[in-house]
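**Q** how would this look folded up:
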Amino acid sequence: SVKIQSSANIFTAAQLLLIFTNETLLKKEQALTARSRGVKCVSGVCLWFKLYGTKLISHSCRPCVCAGHNASRDVVTLVKSILFHRRNPLHFHFITDTVANRILSSLFQSWMVPSVHVSFYDADELKSEVSWIPNKHYSGIYGLMKLTLTKALPSDLSKVIVLDTDITFATDIAELWGIFRKFTGVIGLVENQSDWYLGNLWKNHKPWPALGRGFNTGVILLYLERLRRIGWEQMWRLTAERELMSMLSTSLADQDIFNAFIKQNPVLVHQLPCFWNVQLSDHTRSEQCYTEVSDLKVIHWNSPKKLRVKNKHVEFFRNLYLTFLEYDGNLLRRELFGCPTQASPESVQLQAALEELDEDDQCYDFRRERITVHRVHLYFLQYEYTPTGDDTDVTLVAQLSMDRLQMLEAICKHWEGPISLALYMSDAEAQQFLRYAQASEVLKNRKNVGYHIVYKEGQFYPVNLVRNVALKNVNTPYVFLADVDFLPMYGLYDYLRKSVVQLDMAHTKKALVVPAFETLRYRLSFPKSKAELLSMLDMGTLYTFRYHVWTKGHAPTNYAKWRTATTPYKVEWESDFEPYVVVRRDCPEYDQRFVGFGWNKVSHIMELDAQEYDLMVLPNAFMIHMPHAPSFDISKFRSSPSYRNCLSTLKDEFHQDLSRKYGSAALKYLTAQRNI
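**A** Residues are numbered from 1 along each chain as shown. As a prediction, this is how the structure comes out:
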């Protein structure tokens, strides 16, 4: 039998570049005379070559560079195009900084694609190798990282495919790997399809030396074993030092040094067919390299104009890109039939949990949703946070879906502090949100808002899972657990920070209650003070939240006392109490068995009480609920008896779990529920 060795290396620099490597161990097996080269399954027989995927480097960047948090989006689109066409086990190796590691490790762990493994390496350890090279390219130091691959990648890796992340695959990457079988050089590249290296783009244009038109490094086949043998590390350094004496700096980062090296050593390059890197850059001549669009293998969006680039086939290219941009990543969780691979521990655990469920249980769908693993893409947009230094900072935490998107601008105007938002969306909706955020002047100017995408799957809204994603990704000591339908009063952020100190929350278990009100008007002259709010309350412009629908939810706040209160006051927990509170970041997570409508916040407040948190109402704080159409989940709750029965069952099970966890002290919750 053939021993399966599959792994993948991805490397990313300023524009995030991707290294896909396939390492073949051509071990002769007694029962096998054919060569082990493919990772292609034919008629149920597996022929292997080690597939190595990609390394990502995220980084802080200069203006106009899509890197750091933003670059992870490009990686996802590229990976989707690879996974869509692949028939091979893959192992992705990412060279990352701390930020990219956090984003990508969470993404791949939650994606759970069969036969895909991921490893990470620290980018900071490689910076010193190239930091001495002056570089005018917007990618900065990370645009030179490809030069270090013989050192960065594992020594037992003999071949790699290196990809920029602005690449879209239109075929199985195994076809590209197959070119190594007839490889004569050490570097495989596609000729540059613009006139950059010819030096005739403008007057006095002086590019780095290149062989003919030069080569583009968006797609590279590197024979690492041979490169190490010829002393690549020393050779590229000598080339760079020699050319920098006259050129002073690179213009196209690593591409300049690769081309200068090839100019001196032309026998070492293996020219790839142009359809393996169809470059859609400015001044490109890519149309001359193919006769039919069906000939294309790899599209390279290396123009700053991206999808707006001029090309007679641009509609075809754009549609191909958009296919993967909005493609449902859940559909890529398919097994590779005919290629036996070992399941990950997470997959084994999930399968075991599924087998324990009873499909005849009327609440099966609810229980199934609780163990569903949703894909999570943390920090979907650029995020910057500077700690206050006094350990009093508070993050507003909320979740939302596409139908509440219009609330984001208003919340950002009312709350100047950090925000952690989890958005429950499909892949296509996530792109709609991206376009909305990029077009909004308000949202563009707010970098202290963390947007975390939880991708849709299943028939229920996993509201508490989504809340937990937002809660677990805060960087402040305290959190304000809110809902996106509420607008906090102006100045609430500063008031909460002062209250944190006043009530000694660092050393005591307290939950600060922010009284909730509501308006039935879509246009509201928002009160600027407690006095204005009380006046509007008396006039009937505002109401205490849900007083006419669900009084018990907020009645313990004691609004009558709040009207005249000047200092925080303690209230006792009561059944179905669900206030909005400020707590320490290490508070209990929300119980994820509750999905859709009903008891998702009630259960959380109950657990806070079980852990002996004091509920303290703030006398000068308030938030106002804005009107909106009923959600789909509340409609199901109201119309479906089975939905309500299952919610009742989940409540009982929650009470039992609470009693087991907190002992006799939790019996009061069961008693309170029975007395309703």
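
**Q** report how many residues lie close to the closest residue to residue 550 other than its chain neighbours.
**A** Of all residues not flanking residue 550 in the chain, residue 576 sits nearest, at 7.7 Å (C-beta to C-beta, 6 or more residues apart in numbering). In short, each C-beta sits where N, CA and C put it, glycine included. A count of nearby residues for residue 576, using other C-beta atoms under 10 Å, gives 19.

**Q** cool, and residue 663?
**A** Residue 663: 10 neighbours (other C-beta under 10 Å).

**Q** and what about it, helix, strand or coil?
**A** helix (DSSP: H, G, I helix; E, B strand; the rest coil).

**Q** tell me the contacts of the most centrally placed residue in the chain?
**A** Nearest to the geometric centre of the chain sits residue 377, at 2.2 Å (C-alpha atoms, centre = their mean). By C-beta atoms under 8 Å, 6 or more residues apart in numbering, residue 377 lies in contact with 72, 73, 76, 103, 106, 107, 430, 452, 453, 455.

**Q** same thing but at 10 Å, please
**A** 72-73, 76, 103-104, 106-107, 110-111, 329, 423, 425, 427, 430, 451-455, 469 (C-beta atoms under 10 Å, 6 or more residues apart in numbering).

**Q** quick one, helices of the stretch 551-676 of the chain?
**A** Along the stretch 551-676 of the chain, the stretches classed as helices by DSSP state H, counting those that start in this stretch are 559-564, 602-610, 632-639, 641-662, 667-674.

**Q** just those: most buried one?
**A** helix 602-610 (a mean of 22; mean count of other C-beta atoms under 10 Å).

**Q** out of the helices and strands in the chain, which is least certain?
**A** strand 45-47 (a mean of 25; mean pLDDT, DSSP states H and E).

**Q** dihedrals phi and psi, the residue nearest to the centre of the chain?
**A** In terms of degrees, to the nearest 10, the main-chain angles of residue 377 are phi -120, psi 100.

**Q** for it, give the beta-bridge partners.
**A** residue 453 (DSSP bridges).

**Q** tell me the pLDDT at the residue nearest to residue 550?
**A** At residue 576, the pLDDT value in this model is 90.

**Q** how about the one 3 residues further on?
**A** We have a pLDDT of 97 for residue 579.

**Q** count the neighbours of the residue nearest to it when sequence neighbours are not counted for me.
**A** In space, and not counting its chain neighbours, residue 579 is closest to residue 513: 4.5 Å by C-beta to C-beta, 6+ apart. Residue 513: 26 surrounding residues under other C-beta under 10 Å.

**Q** tell me if residue 513 really is in a strand.
**A** Yes: the assignment for residue 513 is a strand, going by three-state DSSP.

**Q** so which helix or strand takes in residue 398?
**A** Here residue 398, judged by DSSP states H and E, is contained in strand 394-401.

**Q** which SSE is immediately downstream of that strand?
**A** Trace forward from strand 394-401 with DSSP H and E and the next one is helix 407-414.

**Q** re earlier: the contacts of residue 377 in strands, which ones?
**A** 423, 425, 451, 452, 453, 454, 455 (DSSP state E).

**Q** grab the nearest non-local neighbour of residue 535.
**A** residue 527 (7.8 Å).

**Q** distance check, the one you found against residue 495.
**A** 14 Å (C-beta to C-beta, to the nearest Å).

**Q** more crowded one of those two?
**A** residue 527 (20 against 17).

**Q** OK, contacts around that one?
**A** Here residue 527 is in contact with 489, 490, 517, 533, 534, 535, 536, 537, 541, 542, 622, 624 (criterion: C-beta under 10 Å, 6+ apart).

**Q** mind checking how far the residue nearest to residue 659 when sequence neighbours are not counted is from residue 103?
**A** Leaving aside its sequence neighbours, residue 659 sits nearest to residue 666 (C-beta to C-beta, 6+ apart; 4.6 Å). Distance of residue 666 to residue 103, given as C-beta to C-beta: 38 Å.

**Q** who has more neighbours, these two?
**A** More crowded of residue 666 and residue 103, by other C-beta under 10 Å: residue 103, with 27 against 19.

**Q** from the middle of its chain, how far away would stretch 166-185 be?
**A** 28 Å (C-alpha atoms, centre = their mean, to the nearest Å).

**Q** for the closest residue to residue 566 other than its chain neighbours, grab phi and psi.
**A** Distances taken as C-beta to C-beta, 6+ apart put residue 619 closest to residue 566, at 5.6 Å, once the chain neighbours are dropped. Main-chain torsions, residue 619, degrees, to the nearest 10: phi -80, psi -20.

**Q** for residue 222, same thing?
**A** The phi/psi pair for residue 222 (degrees, to the nearest 10) is phi -110, psi 130.

**Q** pLDDT wise, what is the nearest residue to it once chain neighbours are set aside at?
**A** Among residues not flanking residue 222 along the chain, residue 160 sits closest, at 4.8 Å (C-beta to C-beta, 6+ apart). pLDDT, residue 160: 86.

**Q** again with the one 4 residues further on
**A** Here the pLDDT value assigned to residue 164 is 87.

**Q** just checking, it touches residue 190?
**A** No: in terms of C-beta atoms under 10 Å, residue 164 does not count as a neighbour of residue 190; the distance is 11.9 Å.

**Q** one step back: to residue 138, which of the helices of the stretch 551-676 of the chain lies closest?
**A** The closest of these to residue 138 is helix 632-639. By C-beta to C-beta, the value is 44.2 Å.

**Q** I'd like the mean pLDDT over that closest one, please.
**A** On average, helix 632-639 scores 71.

**Q** likewise for stretch 364-384?
**A** Here the average pLDDT along stretch 364-384 is 91.

**Q** endpoints of that stretch, how far apart?
**A** 42 Å (C-alpha to C-alpha, to the nearest Å).

**Q** could you do stretch 164-171 as well?
**A** In terms of C-alpha to C-alpha, the two terminal residues of stretch 164-171 are separated by 16 Å.

**Q** what residues of that stretch count as buried?
**A** 164, 165, 166, 167, 168, 169, 170 (16 or more other C-beta atoms under 10 Å).

**Q** one step back: and the residue nearest to residue 535, which of the three is it?
**A** Applying three-state DSSP: residue 527 is coil.

**Q** who touches residue 244 in this structure?
**A** 132, 133, 134, 208, 250, 256, 257, 260.
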